[in-house]
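Novice: whatever this is, show me its structure:
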Amino acid sequence: MSELLNLRAEKDAFFLNDPYSPLTEEQKLTFQHLEYFPENEALRLEVTVKRLDEDDFVQMQTNTSETRPFERYGTFSFSVEGVPVELTIFRSLDGFFLPFADALAGKETYGAGRYIEPEELPDGRFLVDFNLAYNPYCAYNDRWTCPLTPAENRIPVPLRAGEKRFHSH
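Specialist: All right, here's what the predicted structure looks like:
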């Protein structure tokens, strides 16, 4: 079993069994597993990030109308199916954060977008692995507060990697 399949199996077990699971007890009764796109090596990227002004802070809106502070850390560009796109990496006290919504949002993926935690590599580039894209906890039920994907990270192309939309059965 690949490392990614192991991570997915561990996440399913967490969702089903852990008291900190985002699922309600009622949802756990019918939960079998999360749905994912097949692993896509083309969307496992090592990117050079164009650093933005260190004083560029934003208040990111949440699904509960609160805001959370984030630094707009930097941008990176890549192509999906021949279409060039650019995304912004944010940073908070918790680390690097990449919220994004693609052309599949609201159809095959969660409408408000998905998240990735980019990993800074020793050479200064970042590992951005869309296979690790996941839904925020507010995708499972309304008791969670989650940052919403800002307009600058809504892209018009499909990113067929990572977690799909949650369907409670």
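Novice: look up how far Glu163 lies from the residue in the chain sticking out farthest from the centre.
Specialist: Computed with C-alpha atoms, centre = their mean, the residue of the chain farthest from its C-alpha average is Leu29, at 25.8 Å. Shown here: Leu29 relative to Glu163, a distance of 21 Å by C-beta to C-beta, to the nearest Å. Any C-beta I mention is one placed from the backbone N, CA and C, and that applies to glycine too.
Novice: now do the phi/psi pair for the residue farthest from the centre of the chain.
Specialist: Here the main-chain torsion angles of Leu29 (degrees, to the nearest 10) amount to phi -60, psi -30.
Novice: distance of it relative to Asn141?
Specialist: Applying C-beta to C-beta, one obtains 14 Å for the distance of Leu29 from Asn141.
Novice: ok so, going back, how close does the residue farthest from the centre of the chain get to Leu127?
Specialist: On the measure of C-beta to C-beta, Leu29 and Leu127 end up 37 Å apart.
Novice: middle-most residue in this structure, spatially?
Specialist: To find the centre residue of the chain, average its C-alpha atoms and take the closest one (C-alpha atoms, centre = their mean): that gives Tyr115, at 1.3 Å.
Novice: which residues does that one bridge with?
Specialist: Beta-bridge partners of Tyr115, counted by DSSP bridges, are Pro99, Tyr134.
Novice: which ones are touching Tyr115?
Specialist: When contacts are counted by C-beta atoms under 8 Å, 6 or more residues apart in numbering, Tyr115 touches Phe97, Leu98, Pro99, Phe100, Ala133, Tyr134, Asn135, Pro136.
Novice: what's the burial count for the third one?
Specialist: With neighbours defined by other C-beta atoms under 10 Å, the count for Pro99 comes to 24.
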